[in-house]
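S.K.: Sharing a model prediction with you, sequence too.
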Amino acid sequence: DPKRKAAFGSVGRRVPYRILHVINENGESLGNMHRAEALKLMDKHNLKLVLLRENAEPPVYKLMTGKQIHEEQLRRAEKKKASPKTGMCIVQKELSFSSTIARNDLETKTKQIAQWIEKKYHVKVTIRQAK
């Protein structure tokens, strides 16, 4: 499932690679090691093994505490929320009114335009000439 791979989280004991590049919880590189050695280290220090970069050679894993994993997940969620959404179409609202519009109707429509602008919509206003 491609969605599961993109998620950041604890890998646990299901490490598909034999040789890993391991980083400790302080960010220091421990070098390349065998999967079994990394799992022993994980158990010894009561940490979790987390995949950072799968496409590197060898794949990069980091030993992390549960708190570090949680903080990293929150940081990534904030970063994702802050980044502009690609592929989204710009919503354009269009409003047209006659040149003989009543005052009350004009006020109502200007309120509606103000709400759309607050929601970051593009607003197009057309004024038709009365017959």
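M.R.: In hand now; what should we look at? Numbering: from 1, shown residues only.

S.K.: Can you tell me the SS state at the residue positioned nearest the centre of the chain?
M.R.: Residue closest to the mean C-alpha point of the chain, counted by CA atoms, centre = their mean, is K80 at 2.5 Å. Following DSSP: H, G, I helix; E, B strand; the rest coil, K80 is assigned to helix.

S.K.: Make residue 1 into 20 and carry on from there
M.R.: Sure, I'll start numbering at 20, so the last one becomes K99.

S.K.: residues in contact with it?
M.R.: By CB atoms under 8 Å, 6 or more residues apart in numbering, K99 lies in contact with nothing. (Each C-beta comes from the backbone N, C-alpha and C, glycine too.)

S.K.: tell me the pLDDT at it?
M.R.: Looking at K99, its pLDDT stands at 80.

S.K.: same deal with the one 5 residues further on?
M.R.: K104 is assigned 62 on the pLDDT scale.

S.K.: try A133
M.R.: So, for A133, pLDDT stands at 93.

S.K.: Also R23?
M.R.: pLDDT, R23: 46.

S.K.: And this structure, what are its domain boundaries?
M.R.: 38-101, 111-147 (the TED database).

S.K.: so how far is the shortest one off the chain centroid?
M.R.: Relative to the mean C-alpha coordinate of its chain, domain 111-147 is positioned 34 Å out (CA atoms, centre = their mean, to the nearest Å).

S.K.: re the thing from before, pipe the domains of the chain into CSV and attach distance to R32 per row.
M.R.: Shown next, in CSV, are the domains of the chain (distance: least, CB to CB, whole Å):
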stretch, distance to R32
domain 38-101, 6
domain 111-147, 46
